[in-house]
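Asker: Could you look at this predicted model? Sequence included:
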Number of protein chains: 2
Amino acid sequence: MVSVAPKGRPREFCTDRALAAALRVFWTKGYEGASMADLTEAMGITKPSLYAAFGNKEALFHKALDLYEAEKLAYVGVALEQPTARSVAECFMRGAVATQTSSCDPKGCLGVIHSMACGAEAESIKADVIARRASSQAALVARFERAKAEGDLPPHVDVGGLTSYLYAILQGMAVQAGSGASREELERLVDTTLAIWPSA
Amino acid sequence: MVSVAPKGRPREFCTDRALAAALRVFWTKGYEGASMADLTEAMGITKPSLYAAFGNKEALFHKALDLYEAEKLAYVGVALEQPTARSVAECFMRGAVATQTSSCDPKGCLGVIHSMACGAEAESIKADVIARRASSQAALVARFERAKAEGDLPPHVDVGGLTSYLYAILQGMAVQAGSGASREELERLVDTTLAIWPSA
DNA sequence: TAGCTTCCATAACGACCGGTATATAATGGC
DNA sequence: GCCATTATATACCGGTCGTTATGGAAGCTA
């Protein structure tokens, strides 16, 4: 049962909207590059309100990362359900292009940004991001194993190698998107990858 | 003519060694994550000595980046001289694996690290790194155009797309190396890429 | 040794960092 | 109306950031 009558003074801002604004800041500047002043300004609230609603900067980031995965990485689940290894790869890459070059979102990938070198304060952030990636990568390994068993990957392919390969392309796309590559450039990259995709 | 008799007291440290130490710090923690305290401690000098010898933090980084390109990216020039497009790609990737997973150097790629999202103070750093990458990528486009003319790339390949593709793999390898991937994992990635490399 | 130049070490600068104490305003229950 | 509870706004905390002023030590030429 949901409590419909909170006791004290109601908050004057929408936590979901504030979190979405925080996500954009982290996505644009990175965890270390985003200051509390940047965050509160973008969220339209004061620092005490932020701390009361979200805990601290690190907790805010983890909630923003949850939102990012739910809203911006939904294509990952869709991709894993595609019927062939090739269509899985295509769905991954097309989804990544769409997310990373959206005209109304920051460029690049929040996860890739935060798996790079960083200062001591962000080490736990980096570790969390890397752990989340490992689990999704494991799911892709399982999917390609199935594809191999079903015969839509050649029997000689190294499934682990192919998974790292596809992830490398996705990560490289994120690097290029964050460096200002246009959607057209990334689409040519995807087309090239699909043109040489190993077929049975 | 080189001045062999500097007038005042000689400095007590070797600037080349100090710069190499600074490079390791930037490579490990990134420009923003590396504090002046980190740098001076690793370099074995005090802050005034650092400022006298290198200017400021940003100038120190640019000199470290020059050193990185000269010492750690020498394989790029070698790769571009290989006789076929395939051997160019292989030389690029093998060189990247060697540099990014060296047991005596930080993991990952200094350039990729600094082309990601960052705070305002590092925007000019990011812009410089991206510009340097653009020029090396242009050289690879030219090399693949030649390969296409010489017939060791199929006539239907999109040279720009293939260049972005190879760079994406290199960048993805850097992301994975920085995230703790082993040399063996990256070598499987390289082997997979070479196994599906487009042949004439 | 005198005089000049350059380097080193300490300490401090203002600005900003993430995080809070305090006081006031707005609600619900009684 | 009054109290308990929660949110807001201002101002501030100690610490660290990149950077630099200051004073003395070390080497050179003469």
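Answerer: Yep, it's here.
Asker: close to DNA strand C, is the lengthiest helix in chain A?
Answerer: Criterion DSSP state H: the longest helix present in chain A is helix A:123-150. No - for a cut-off given as Cβ under 7 Å from any atom of the strand, helix A:123-150 has no contacts with DNA strand C; the smallest distance is 11.5 Å. (Glycine included, C-beta is placed from N, CA and C.)
Asker: Count the residues that sit near the residue lying closest to A:Cys109 once chain neighbours are set aside.
Answerer: Counting by Cβ to Cβ, 6 or more residues apart in numbering or on different chains, A:Ala174 is the residue found nearest to A:Cys109 once chain neighbours are left out, at 3.7 Å. Number of residues near A:Ala174 (other Cβ atoms under 10 Å in any protein chain shown) recorded here: 28.
Asker: Is the closest residue to DNA strand D within chain A part of a helix or strand, or is it coil?
Answerer: Using Cβ to the nearest atom of the strand, the closest approach of chain A to DNA strand D is made by A:Gly8 at 1.8 Å. Following DSSP: H, G, I helix; E, B strand; the rest coil, A:Gly8 is assigned to coil.
Asker: still on that earlier bit, quick check, pLDDT for the residue nearest to A:Cys109.
Answerer: At A:Ala174, the model reports a pLDDT of 98.
Asker: Looks like it contacts A:Thr99 (just checking).
Answerer: No - distance between A:Ala174 and A:Thr99: 9.2 Å, which falls outside the contact criterion (Cβ atoms under 8 Å).
Asker: Give me the common contacts of these two.
Answerer: A:Cys109 (Cβ atoms under 8 Å, 6 or more residues apart in numbering or on different chains).
Asker: Get me the contact residues on chain A for DNA strand C.
Answerer: For chain A, the contact set with DNA strand C under Cβ under 7 Å from any atom of the strand comprises A:5-10, A:34-38, A:47-48, A:51, A:56-58.
Asker: Among these, name the ones in helices.
Answerer: A:Met36, A:Ala37, A:Asp38, A:Lys47, A:Pro48, A:Tyr51, A:Lys57, A:Glu58.
Asker: just checking: which of these also lie near DNA strand D?
Answerer: A:Lys47, A:Pro48.
Asker: Among the ones in helices among the residues of chain A next to DNA strand C, name the buried ones.
Answerer: If you count burial by 16 or more other Cβ atoms under 10 Å in any protein chain shown, the buried members of those come out as A:Asp38, A:Lys57.
Asker: Show me how chain A divides into domains.
Answerer: A:13-72, A:73-200 (automatic domain parsing).
Asker: What are the neighbouring residues in contact with A:Thr84?
Answerer: Going by Cβ under 8 Å, 6+ apart, A:Thr84 touches A:Ala147, A:Asp152.
Asker: pLDDT wise, what is it at?
Answerer: 97.
Asker: ok, and the closest non-adjacent residue to A:Leu50?
Answerer: A:Thr40 is the one closest to A:Leu50 (Cβ to Cβ, 6+ apart), at 5.7 Å.
Asker: what residues does the helix or strand encompassing the one you found touch?
Answerer: Using DSSP states H and E, the element containing A:Thr40 is helix A:36-43. Helix A:36-43 is contacted from outside by A:13, A:18, A:21-22, A:24-25, A:29, A:46-47, A:49-50, A:57, A:60, using Cβ under 8 Å, 6+ apart.
Asker: what about the nearest residue to A:Glu69 once chain neighbours are set aside, neighbour count?
Answerer: Leaving aside its sequence neighbours, A:Glu69 sits nearest to A:Arg132 (Cβ to Cβ, 6+ apart; 7.3 Å). By the other Cβ under 10 Å criterion, the neighbourhood of A:Arg132 contains 16 residues.
Asker: wait, does stretch A:59-68 contact DNA strand D?
Answerer: No - Stretch A:59-68 lies out of reach of DNA strand D by Cβ under 7 Å from any atom of the strand, never closer than 14.1 Å.
Asker: how far does that stretch sit from the chain's center?
Answerer: 11 Å (Cα atoms, centre = their mean, to the nearest Å).
Asker: for that stretch, which positions count as buried?
Answerer: Applying 16+ other Cβ under 10 Å to stretch A:59-68 flags A:Leu60, A:Phe61, A:Lys63, A:Ala64, A:Leu65, A:Leu67, A:Tyr68 as buried.
Asker: Helix, strand, or coil at A:Ser115?
Answerer: Per three-state DSSP, A:Ser115 ends up coil.
Asker: Go ahead and confirm it touches B:Ser179.
Answerer: Yes - using Cβ under 8 Å, A:Ser115 is in contact with B:Ser179, at 4.9 Å.
Asker: joint contacts of the two?
Answerer: What both A:Ser115 and B:Ser179 touch, as defined by Cβ under 8 Å, 6+ apart, is the set A:Ile130, A:Arg133.
Asker: So which of these two has more stuff around it?
Answerer: Taking other Cβ under 10 Å, A:Ser115 and B:Ser179 do not tie; A:Ser115 has more neighbours (26 against 19).
Asker: what does the model give A:Ala117 for pLDDT?
Answerer: So A:Ala117 comes in at 84 (pLDDT).
Asker: List the contacts of it.
Answerer: Counted by Cβ under 8 Å, 6+ apart, A:Ala117 has contacts B:Trp27, B:Thr28, B:Lys29, B:Gly30, B:Gly33, B:Pro106, B:Gly108, B:Ile113, B:Gly178.
Asker: A:Glu187 too?
Answerer: Neighbours of A:Glu187 in contact, by Cβ under 8 Å, 6+ apart: A:Val97.
Asker: For it, what is the enclosing helix or strand?
Answerer: helix A:183-195.
Asker: Please export the C-alpha coordinates of that helix as PDB.
Answerer: What follows is helix A:183-195, C-alpha atoms only, in PDB (Å, rounded to 0.1, in the frame of the first residue of the first chain):
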ATOM      1  CA  ARG A 183      25.300   9.700 -37.100                       C
ATOM      2  CA  GLU A 184      26.100   9.100 -40.800                       C
ATOM      3  CA  GLU A 185      29.700   8.200 -39.900                       C
ATOM      4  CA  LEU A 186      28.600   5.700 -37.300                       C
ATOM      5  CA  GLU A 187      26.100   4.200 -39.700                       C
ATOM      6  CA  ARG A 188      28.800   3.600 -42.300                       C
ATOM      7  CA  LEU A 189      30.800   1.900 -39.500                       C
ATOM      8  CA  VAL A 190      27.800  -0.400 -38.700                       C
ATOM      9  CA  ASP A 191      27.200  -1.100 -42.400                       C
ATOM     10  CA  THR A 192      30.900  -2.100 -42.800                       C
ATOM     11  CA  THR A 193      30.700  -4.400 -39.700                       C
ATOM     12  CA  LEU A 194      27.600  -6.100 -41.000                       C
ATOM     13  CA  ALA A 195      29.000  -6.500 -44.500                       C
END
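Asker: All set, thanks.
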